[in-house]
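A.B. asks: Build the 3D model from these lines:
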Amino acid sequence: MLCAIEDALAEAWEEAADGRQAVQTHKGSTLDVPADAVVSPANSYGWMRGGIDAIYARTFPAIEQHVRSAVLAYHGGELPVGQAVIVPTEAARPAWLVSAPTMRSPGELLPPDTVHPYLAARAVFKLWRYGRLEDERPVRAVVSTIAMPGLGTGVGGVPPSACARQVMAAWDEVFADGA
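C.D. replies: The predicted structure is shown next:
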């Protein structure tokens, strides 16, 4: 579920997702849809102080600590762009948050030729398709709907059309066989 509050991103999502039956769009917040997981396009350190991440941190008070603990435990304190972790929100729905950084440091303005939205989206899709939770259950077994905001379109400054194209390119790569 590709979500957008801004008109430009909502239009870009609609255009880019056209023809992909498993991809839906929503004009509104990721927290407005009945999703099992939401995506946080945070930074590599798991700080959740700006943009959609600040909203997640207010909505799920322990989430920043969960993300930072997972980043420390599994990635030595820095989750590279192109990787993702999944942590519980301690809420009924969405029960999970996927942290997939679009920038290394908080507040980083991304260059015009960035591929970070593609890398972050691919990490989310690969985590869903191949990943396992700490208890070894496949992520796919507990997550059927993921709500994704723009990746890098806020603080990072990525144009909505570039983000949408890159997210759909990642989708097509990970799900090329239709699974």
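A.B. asks: so where do the strands sit in this protein?
C.D. replies: In the chain, strands defined by DSSP state E lie at 2-4, 25-27, 37-40, 85-88, 96-99, 146-147, listed in chain order.
A.B. asks: by contact count, what packs against the first one?
C.D. replies: The one in question is strand 2-4. In terms of contacts (3 or more C-beta pairs under 8 Å, 6 or more residues apart in numbering; DSSP states H and E), strand 2-4 is packed against helix 7-17, strand 25-27, helix 160-174. Bear in mind the C-beta positions are built from the backbone N, C-alpha and C, glycine included.
A.B. asks: Redo those as TSV? Include distance to residue 146 and mean neighbour count.
C.D. replies: Shown next, in TSV, are the helices and strands packed on strand 2-4 (distance: least, C-beta to C-beta, whole Å; neighbours: other C-beta atoms under 10 Å):
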stretch	distance to residue 146	mean neighbour count
helix 7-17	14	19
strand 25-27	12	17
helix 160-174	11	20
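A.B. asks: Now the ones you listed in CSV, please, with extra columns for mean pLDDT and distance to residue 68.
C.D. replies: Shown next, in CSV, are the helices and strands packed on strand 2-4 (pLDDT from 0 to 100; distance: least, C-beta to C-beta, whole Å):
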stretch, mean pLDDT, distance to residue 68
helix 7-17, 98, 28
strand 25-27, 98, 28
helix 160-174, 98, 25
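A.B. asks: Tabulate those (CSV), appending distance to residue 56.
C.D. replies: Conversion of those to CSV gives the following (distance: least, C-beta to C-beta, whole Å):
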stretch, distance to residue 56
helix 7-17, 18
strand 25-27, 17
helix 160-174, 18
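A.B. asks: picking that back up, so which of the strands of the chain has the densest surroundings on average?
C.D. replies: strand 37-40 (a mean of 30; mean count of other C-beta atoms under 10 Å).
A.B. asks: Please name the spatially closest residue to the residue nearest the centre of the chain (chain neighbours excluded).
C.D. replies: A centroid search over the chain (C-alpha atoms, centre = their mean) returns residue 39, at 3.0 Å, as the residue closest to the centre. Using C-beta to C-beta, 6 or more residues apart in numbering and skipping residues adjacent in sequence, the residue nearest residue 39 is residue 148, 4.4 Å away.
A.B. asks: How about residue 162?
C.D. replies: Distances taken as C-beta to C-beta, 6+ apart place residue 117 nearest to residue 162, at 7.0 Å, with adjacent residues excluded.
A.B. asks: same question, residue 70
C.D. replies: Spatial nearest neighbour of residue 70, chain neighbours left out: residue 85 (4.4 Å); criterion: C-beta to C-beta, 6+ apart.
A.B. asks: mean confidence score for stretch 58-76?
C.D. replies: Mean per-residue pLDDT for stretch 58-76: 97.
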